[in-house]
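**Q** Sharing a sequence plus its predicted fold:
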Amino acid sequence: MEVIIRESTEAACGMVAQIIARKVLENPETVLGLATGRTMENVYGKLAAMRRSDGLDFSACRTFNLDEYIGLEKDDVNSYHHYMNEQLFKHINIKPGNTHLPDGTANDLKAEARAYEEKICACGGIDLQLLGIGRSGHIGFNEPLSSLMSRTRDKVLAPETMAQNGPLFVGGDMPKRAMTMGVGTILESRRALVLVTGEEKAAILAESVEGPITSRVTASALQLHPSCVVVVDEAAASKLKDRDYFQWIYENEPEWDDFR
Ligand code: F6R
């Protein structure tokens, strides 16, 4: 794991967008794992701008989102299908048939979860998985005590997650369950790219990267990932103990020469 501390939210989001863009340029058929949430809106705005200004080509990319609420139709304004269309897909040249999110309205959720895993495998696995961290320490919707070997399945959301996302809901109540990729699914991605910003995430970020690996904080399982980059702003980094060490690695790692 590498932790990269950037001077501002803007710089952190810009770096994450650049890492994604580089990957797409290097391999136009990249399989991207995508996340929703407030943190990612800035990144998707930047990718949309790169499409407009530099013609960044997503036409051969495939995408798999981490999660979707159970019971919400795709066109529900609160659904992650809707979020992805509004924040990213309609602004870039991705083929709708190449985008995938779990179907939270499936009658048989277990069959839907299995089919989702099979689709990821059929595409050759996820090359780059974008992730945020929730207040409960979740990645995807893998709430505390999720198995660190879990696969895509339905989960009951933690009270902290209800409090985090409930205020975003318009014209209806937030579902208490969601379908999410498992921690095991996420750990199989070839690279994990985590973005964490803001002071309210400082404590959970420190637990995730400097604390023990525990199912109580599923983001801590990323310490087991063979290629995980965590990009944060100064506010989110404010409770890290080893920031000088993280800075040292960042300053001396050739992969980041263009960013310094
Ligand atoms: C959403 C997801 C979640 C969010 C997390 C942070 O698809 O997977 O794990 O990344 O809840 O959300 P924000 O960015 O709204 O703080």
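**A** On my side now, so go ahead.

**Q** low-scoring pLDDT stretches of the protein, where are they?
**A** Along the chain, no part satisfies pLDDT under 70.

**Q** what does it put close to the ligand?
**A** A35, T36, G37, R38, T39, L66, D67, G132, G134, H138, I139, G140 (CB under 6 Å from any ligand atom). Using the backbone N, CA and C atoms, a C-beta is placed for each residue, glycine as well.

**Q** Please narrow the residues you listed to those residing in strands.
**A** Using DSSP state E, the subset of the residues of the chain next to the ligand located in strands is D67.

**Q** Distance check, A206 against the ligand.
**A** Note on A206: its distance to the ligand, by CB to the nearest ligand atom, to the nearest Å, is 16 Å.

**Q** so what's the residue nearest to that residue when sequence neighbours are not counted up against?
**A** Distances taken as CB to CB, 6 or more residues apart in numbering put K239 closest to A206, at 4.2 Å, once the chain neighbours are dropped. Shown in contact with K239 (CB atoms under 8 Å, 6 or more residues apart in numbering): A202, A203, L205, A206.

**Q** mind listing the helices for the chain?
**A** Remark: helices assigned in the chain by DSSP state H are 9-26, 38-54, 80-87, 109-122, 159-165, 183-187, 202-210, 243-252.

**Q** how about the one residue in the stretch 51-200 of the chain that gets nearest to the ligand, what does it touch?
**A** Residue nearest to the ligand within the stretch 51-200 of the chain: G132 (2.5 Å; CB to the nearest ligand atom). By CB under 8 Å, 6+ apart, G132 lies in contact with A35, G37, T39, M40, I139, V194, L195, V196.

**Q** go on, D108?
**A** Under the criterion of CB under 8 Å, 6+ apart, D108 has no neighbours.

**Q** And it, how far from I120?
**A** 18 Å (CB to CB, to the nearest Å).

**Q** quick revisit: adding neighbour count as columns, could you present the contacts of G132 in JSON lines?
**A** Formatted as JSON lines, the contacts of G132 follow (neighbours: other CB atoms under 10 Å):
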{"residue": "A35", "neighbour count": "23"}
{"residue": "G37", "neighbour count": "19"}
{"residue": "T39", "neighbour count": "24"}
{"residue": "M40", "neighbour count": "23"}
{"residue": "I139", "neighbour count": "29"}
{"residue": "V194", "neighbour count": "27"}
{"residue": "L195", "neighbour count": "27"}
{"residue": "V196", "neighbour count": "24"}
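
**Q** The residues you listed into JSON lines, with extra columns for distance to I5?
**A** Output for those, formatted as JSON lines (distance: CB to CB, whole Å):
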{"residue": "A35", "distance to I5": "20"}
{"residue": "G37", "distance to I5": "20"}
{"residue": "T39", "distance to I5": "16"}
{"residue": "M40", "distance to I5": "19"}
{"residue": "I139", "distance to I5": "20"}
{"residue": "V194", "distance to I5": "13"}
{"residue": "L195", "distance to I5": "12"}
{"residue": "V196", "distance to I5": "10"}
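
**Q** before we move on, back to that, what about the helices of the chain, which gets the closest to A60?
**A** With CB to CB as the criterion, A60 lies closest to helix 9-26 of these, at 8.9 Å.

**Q** And the closest one, how far out from the chain middle?
**A** Centroid displacement of helix 9-26 relative to its chain, using CA atoms, centre = their mean, to the nearest Å, is 13 Å.

**Q** Regarding stretch 25-41, how distant is the last residue from the first?
**A** Separation of the first and last residues of stretch 25-41 by CA to CA, to the nearest Å is 21 Å.
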